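A.B. asks: coords below, sequence missing:
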């Protein structure tokens with residue numbers, strides 16, 4: 001079940017809200033409603049996968065109890081065993097087939113095919129953060145119902161953001177839901193639906209068509225440079241609006257139940273360097289790797305630069321692997337490792353005074369990286385990038401590209417415009433100038449605009465329009 005679906009919008013979510021408010025006299029009962037609803041939500045598409053989620057809850061609840069007391073040797077042993085179990089399950093479902101394919105020249109074709117349980121990377125990382133924080137003494141071990149709600153809470157279950165237990169431990173028991181919080185949550189959720197349906201899905205159609213044209217069957221075709229650039233830019237916009245929209249919906253839904261999650265995106269395409277980009281993109285994943293991998297390895301505060309390079313390499317290799325079982329993701333992660341290493345050693349692009357050029361450099365690098373990320377394999381990535389620079393004798397101009405721009409120019413302009421911090425700037429101006437006539441007009445008109453766009457989005461969904469979710473693959 002996805003948030004931007006008729007089933008969720010008009011059946012599941014209203015029913016859960018009604019049950020939740022009917023139980024408002026008892027917090028424990030409300031939490032049980034959310035836990036049961038989350039398990040139903042996860043089991044909706046593939047019921048058998050609920051066993052994996054329940055197994056994760058059981059194993060990590062038990063591990064939480066065991067790492068909380070006893071000798072240091074015993075606690076560390078339990079922690080290591082728990083990490084191994086979690087990563088082993090993740091490996092089997094997500095990476096085993098990939099490894100067997102690599103080994104197939106030596107061992108032959110195995111014929112093994114394992115379906116990827118949706119959201120396994122996200123809830124596995126959340127489970128690990130809970131046990132590690134209990135081991136550190138940051139939080140106390142909890143009963144399986146509390147741990148189960150934390151791991152399976154449906155707003156963030158299948159595509160994040162990755163919530164660390166210490167940030168919501170108190171909220172699970174002591175959160176307070178106000179009308180303002182509920183209204184803000186509904187508004188944030190509606191904005192997420194609008195971004196997903198009207199923008200991300202439009203860019204998805206453009207990007208998928210152009211990438212598919214460059215890869216038909218086993219043959220890789222040269223498309224004109226202008227068309228290749230339109231495809232790469234469309235995917236750059238698609239993945240941002242797709243994932244940030246999901247984060248908006250998750251944060252908004254959580255607010256509707258009284259939970260406050262941290263932001264997962266901060267206008268990453270306004271970044272002035274690649275290091276800055278990764279402080280703004282998928283913030284919860286960056287925070288997780290920094291806190292549970294980079295810092296324990298020593299981070300950058302080490303006397304030996306070689307160790308810092310090693311730490312950075314490990315984090316970016318794991319970041320690439322986390323995103324999927326394909327060489328494209330590994331190369332994508334190592335590409336960012338090399339770029340950030342160069343920025344650190346050469347203090348670039350700080351040497352560039354123009355903020356416009358810094359942003360242009362960042363967007364150029366990020367756009368190339370997304371081509372590697374999107375491609376089916378490294379060969380297609382190479383062909384596509386060569387197409388972008390007309391290195392395949394593929395020409396530059398494209399009547400197809402011009403036609404697609406004419407048909408979608410409103411969406412393309414809106415996507416580029418709203419990827420910059422325009423809305424935040426307007427909100428800050430309205431907050432600082434509440435008595436101005438223009439501000440009052442915007443305040444009165446805002447709800448009508450959001451409701452209208454939400455109804456249009458719902459109409460698209462009911463008509464069965466193209467509605468993929470990129471991060472469901474991870």
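C.D. replies: Looks like it came in fine. Fair warning: this is a prediction, and the values are worked out from it, not measured in the lab.
A.B. asks: just the buried residues of the helix or strand that residue 307 is a member of, please?
C.D. replies: Element membership for residue 307 (DSSP states H and E) is helix 305-323. Of the residues in helix 305-323, those buried by neighbour count under the rule 16 or more other Cβ atoms under 10 Å are 308, 309, 311, 312, 315, 316, 319, 320, 321, 322, 323. All C-beta spots, glycine's among them, are computed from the backbone N, C-alpha and C.
A.B. asks: next, format the residues you listed as TSV and append pLDDT and distance to residue 451.
C.D. replies: Listed next are the buried residues of helix 305-323 as TSV, based on pLDDT from 0 to 100; distance: Cβ to Cβ, whole Å:
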residue	pLDDT	distance to residue 451
308	88	51
309	90	52
311	91	49
312	93	46
315	94	43
316	95	43
319	94	39
320	94	41
321	94	42
322	93	38
323	91	36
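A.B. asks: how about these in TSV, adding distance to residue 184?
C.D. replies: What follows is the buried residues of helix 305-323, written out as TSV (distance: Cβ to Cβ, whole Å):
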residue	distance to residue 184
308	41
309	43
311	39
312	38
315	34
316	35
319	32
320	35
321	36
322	31
323	31
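A.B. asks: next SSE after the helix ranked longest in the chain?
C.D. replies: Scanning the chain for the helix with the most residues, using DSSP state H, yields helix 225-256. The element immediately downstream of helix 225-256 (helix or strand, assigned by DSSP H and E) is helix 274-280.
A.B. asks: may I see the buried residues of that next one?
C.D. replies: Quick answer for helix 274-280 (16+ other Cβ under 10 Å): 274, 276, 277, 278, 280.
A.B. asks: try stretch 175-190
C.D. replies: Neighbour counts over stretch 175-190 (16+ other Cβ under 10 Å) mark 175, 177, 181, 182, 184, 185, 186, 187, 188, 189, 190 as buried.
A.B. asks: ok, now how distant is the second one from residue 154?
C.D. replies: Between residue 177 and residue 154 the distance, using Cβ to Cβ, to the nearest Å, works out to 17 Å.
A.B. asks: next one: the fourth one
C.D. replies: According to Cβ to Cβ, residue 182 and residue 154 sit 17 Å apart.
A.B. asks: how about the fifth one?
C.D. replies: Between residue 184 and residue 154 the computed distance is 19 Å (Cβ to Cβ).
A.B. asks: got it, and the first one?
C.D. replies: Distance, residue 175 to residue 154, using Cβ to Cβ: 16 Å.
A.B. asks: and for the third one?
C.D. replies: Separation of residue 181 from residue 154 (Cβ to Cβ): 18 Å.
A.B. asks: go on, the last one?
C.D. replies: Per Cβ to Cβ, residue 190 is found 18 Å from residue 154.
A.B. asks: quick check: residue 272 touching residue 349?
C.D. replies: Yes - here residue 272 reaches residue 349: they are 6.9 Å apart, a contact under Cβ atoms under 8 Å.
A.B. asks: of those two, who's got more company?
C.D. replies: residue 349 (22 against 19; other Cβ atoms under 10 Å).
A.B. asks: wait, the more buried one touches residue 276, no?
C.D. replies: No - Residue 349 lies out of contact with residue 276 (Cβ under 8 Å); the separation is 9.5 Å.
A.B. asks: and for those two, which residues touch both?
C.D. replies: residue 362 (Cβ atoms under 8 Å, 6 or more residues apart in numbering).
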